[in-house]
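>>> pasting the sequence and the predicted coordinates here, then a few questions.
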Amino acid sequence: MHAGRVLTSALASLAVLACAAGDVRAQEPGGSVSAPDCLAGAVDAGFSILTHRGGSLDELEPCARERNVTALYATDGGAFVAYILGAPAPVNRDFHALYAAGLPPGTPLIARSDGPASPAAAVEPEEPPWPECLRGEVARGFSLLRYEDGSLEGLEPCARERSITALYATSGGAFVAYIVGAPAVVNRAFAELYADGIPRGSYLLAKSDGPPGVEAEGR
């Protein structure tokens, strides 16, 4: 599937950046830094989709280190924007420019971790329901969106309305694909992951070839 190949290529780039992060961290002195728990969601070894509770960029790195995260990736205009922990400022320049005023509460991020895994908080903050089935701006390329419908059956028509060709969840550190319009066998792993439905408010990585969908207000 074309969408699968594109994600594989994108993830290969992420992996290279994450390895660079490991090289930088190896040169830093040891010791942990206490930080507030600003990242909501479970962190697995590999990739996970988390949300930031909101705050300044100065708080982001110590908070991420507490969760054993080595790199974070936002999406903007269909592209990934990396924040590599411990990297020199020029490496993270685009991320700093994107969030110069701080990260808004609920900002979705892809996290990269070499482990150990860390569980989600016992009680995560609840957000009110949203009228759109997929909340967020769909750009040509990749976007992180919040799925509000909750049903597996409603995912495909919702995705088609937003010009989305594929959606990816994370499980156990790996991405699990849902290719819109593909035979059931192609999406079997996704269907098995969400056999009891997709929890309302789950964040998914979306791929669109355009035209861009309409942005739902209140991203």
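Here it is on my side, so go on.
>>> quick one: residues contacting residue 96.
Shown in contact with residue 96 (CB atoms under 8 Å, 6 or more residues apart in numbering): 57, 89. Any C-beta I mention is one placed from the backbone N, CA and C, and that applies to glycine too.
>>> so where is the chain shaky, pLDDT-wise?
Residue ranges of the chain with pLDDT under 70: 1-36, 122-131, 212-219.
>>> and the nearest residue to residue 209 once chain neighbours are set aside, how far from residue 179?
Closest residue in space to residue 209, ignoring its immediate chain neighbours: residue 165 at 5.6 Å, by CB to CB, 6 or more residues apart in numbering. For residue 165, the distance to residue 179 (CB to CB, to the nearest Å) stands at 7 Å.
>>> got the contact list for the residue nearest to residue 209?
Contacts of residue 165 (CB under 8 Å, 6+ apart): 3, 159, 179-180, 207-209.
>>> any idea which of these has the most stuff around it?
Counting neighbours by other CB atoms under 10 Å, residue 159 leads the contacts of residue 165 with 27 neighbours.
>>> contacts only, for it.
Contacts of residue 159 (CB under 8 Å, 6+ apart): 134, 165, 167, 178, 180, 206.
>>> any idea whether it is helix, strand or coil?
Assigned by DSSP: H, G, I helix; E, B strand; the rest coil, the conformation of residue 159 is helix.
>>> all strands of this protein, in order?
Here the chain has its strands, by DSSP state E, at 39-40, 46-52, 69-76, 79-84, 107-113, 134-135, 141-147, 166-171, 174-179, 202-208.
>>> hmm, back to that, got a markdown table for the contacts of residue 159, with distance to residue 187 too?
Shown next, in a markdown table, are those (distance: CB to CB, whole Å):
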| residue | distance to residue 187 |
| --- | --- |
| 134 | 17 |
| 165 | 13 |
| 167 | 10 |
| 178 | 5 |
| 180 | 9 |
| 206 | 15 |
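>>> and which of those residues is nearest residue 108?
Checking those against residue 108 by CB to CB gives residue 206 as the nearest, at 10.8 Å.
>>> isn't the closest one right next to residue 160, touching?
No - counting by CB atoms under 8 Å, residue 206 sits too far from residue 160 to count as a contact (11.9 Å).
>>> so which of those two has more stuff around it?
residue 206 (28 against 13).
>>> what's opposite that one in the beta bridge?
Counting by DSSP bridges, residue 206 is bridged to residue 143, residue 167.
>>> how far away is it from residue 110?
From residue 206 over to residue 110 (counting by CB to CB), the distance is 12 Å.
>>> any shared contact partners between those two?
In contact with both residue 206 and residue 110: residue 144, using CB under 8 Å, 6+ apart.
>>> list the buried residues for stretch 90-98?
Residues of stretch 90-98 classed as buried: 91-92, 94-95, 98 (neighbour count, 16 or more other CB atoms under 10 Å).
>>> again, but for stretch 43-60
Buried, per 16+ other CB under 10 Å, within stretch 43-60: 43-44, 46-53, 55, 57, 59-60.
>>> then stretch 103-122?
103, 106-114, 118.
>>> tell me the bridge partners for the residue nearest the centre of the chain.
The residue lying closest to the centre of the chain (CA atoms, centre = their mean) is residue 110, at 3.1 Å. Beta bridges link residue 110 to residue 49, residue 73 when assigned by DSSP bridges.
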